[in-house]
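1. heads up, no residue letters with this:
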């Protein structure tokens, strides 16, 4: 079960600074005795990556490794929780339209991209980005942490210089992402039935 809890900005500092505040908040707000089955995590943005291409060279920003990632990943391992990732392929596409095709970014039919280093063929920018996070985790010896994508979308309206931002592309991204996940779920179920 994934439950997202949003705090008011004025409470966020207190929750981060004082563990007793977070504990007290949970005691007051988690009903139905779910406190032992709901895991705590925090989302990261792909901007936390130093490298994301090729995917196999994925790595975290060096200045965040000791102060943020190692303690957070250790904590997540200790409690058996997930790493949450917010992935927005639009930003990588928009910054690299000369080398990233729109079809690849929107989960449309495309020949795929063979990545130097690991030789994998990716058929979507999303998958390549998520694999880069796996590589960054592996580089820190945390490849056993499960990951869940908590946010993803495509920009529907941007500034004039933001190539690819449109309602049509946002609808295509969302629809194709749903179809991709339905296919993956179907394939997973077939494997279970074998």
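-> Cool, got the structure. Source: prediction; values computed, not measured.

2. Would you state the strands of this structure in chain order?
-> Applying DSSP state E to the chain gives strands spanning 43-45, 49-51, 59-60, 83-87, 113-114, 121-122, 147-152.

3. With distance to residue 160 and mean neighbour count added, can I get those in TSV?
-> Just so you know, the C-beta spots here come from the backbone N, C-alpha and C atoms, and that holds for glycine as well. Conversion of the strands of the chain to TSV gives the following (distance: least, Cβ to Cβ, whole Å; neighbours: other Cβ atoms under 10 Å):
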stretch	distance to residue 160	mean neighbour count
strand 43-45	25	16
strand 49-51	28	17
strand 59-60	33	19
strand 83-87	25	19
strand 113-114	28	16
strand 121-122	30	15
strand 147-152	24	15
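
4. which residues of the chain score low on pLDDT?
-> Applying pLDDT under 70 to the chain picks out residues 1-5, 22, 31-38, 117, 188-194.

5. which residue is nearest the centroid of it?
-> Centroid check for the chain by Cα atoms, centre = their mean gives residue 85 as the closest residue, at 2.5 Å.

6. hey, what's it bridged with?
-> With DSSP bridges as the criterion, residue 85 is bridged to residue 44, residue 149.

7. wait, what's in contact with it?
-> For residue 85, the contact set (Cβ atoms under 8 Å, 6 or more residues apart in numbering) comprises 43, 44, 46, 130, 133, 147, 148, 149, 150.

8. Could you do residue 116 as well?
-> Per Cβ under 8 Å, 6+ apart, neighbours of residue 116: residue 54.

9. Kindly report the same for residue 53.
-> Per Cβ under 8 Å, 6+ apart, neighbours of residue 53: 115, 128, 132.

10. if we can go back for a sec, for residue 158, find the nearest of the strands of the chain.
-> Nearest of the strands of the chain to residue 158, taken as Cβ to Cβ: strand 147-152 at 16.5 Å.

11. tell me the angle of that closest one relative to strand 83-87?
-> 40 degrees (axes from the mean of the first three to the mean of the last three Cα atoms, to 10 degrees).

12. Quick one: distance of strand 147-152 to the chain centre.
-> 4 Å (Cα atoms, centre = their mean, to the nearest Å).

13. So what touches it?
-> 2, 4, 43, 82-89, 126, 130, 133-134, 137, 177.

14. how about 6 Å then?
-> Identification of contacts with strand 147-152 by Cβ atoms under 6 Å, 6 or more residues apart in numbering yields 43, 82, 83, 84, 85, 86, 87.

15. I'd like to know how many residues surround residue 58.
-> Using other Cβ atoms under 10 Å, the number of residues around residue 58 comes to 24.

16. ugh, wrong one, I meant residue 115
-> Using other Cβ under 10 Å, residue 115 has 18 other residues around it.
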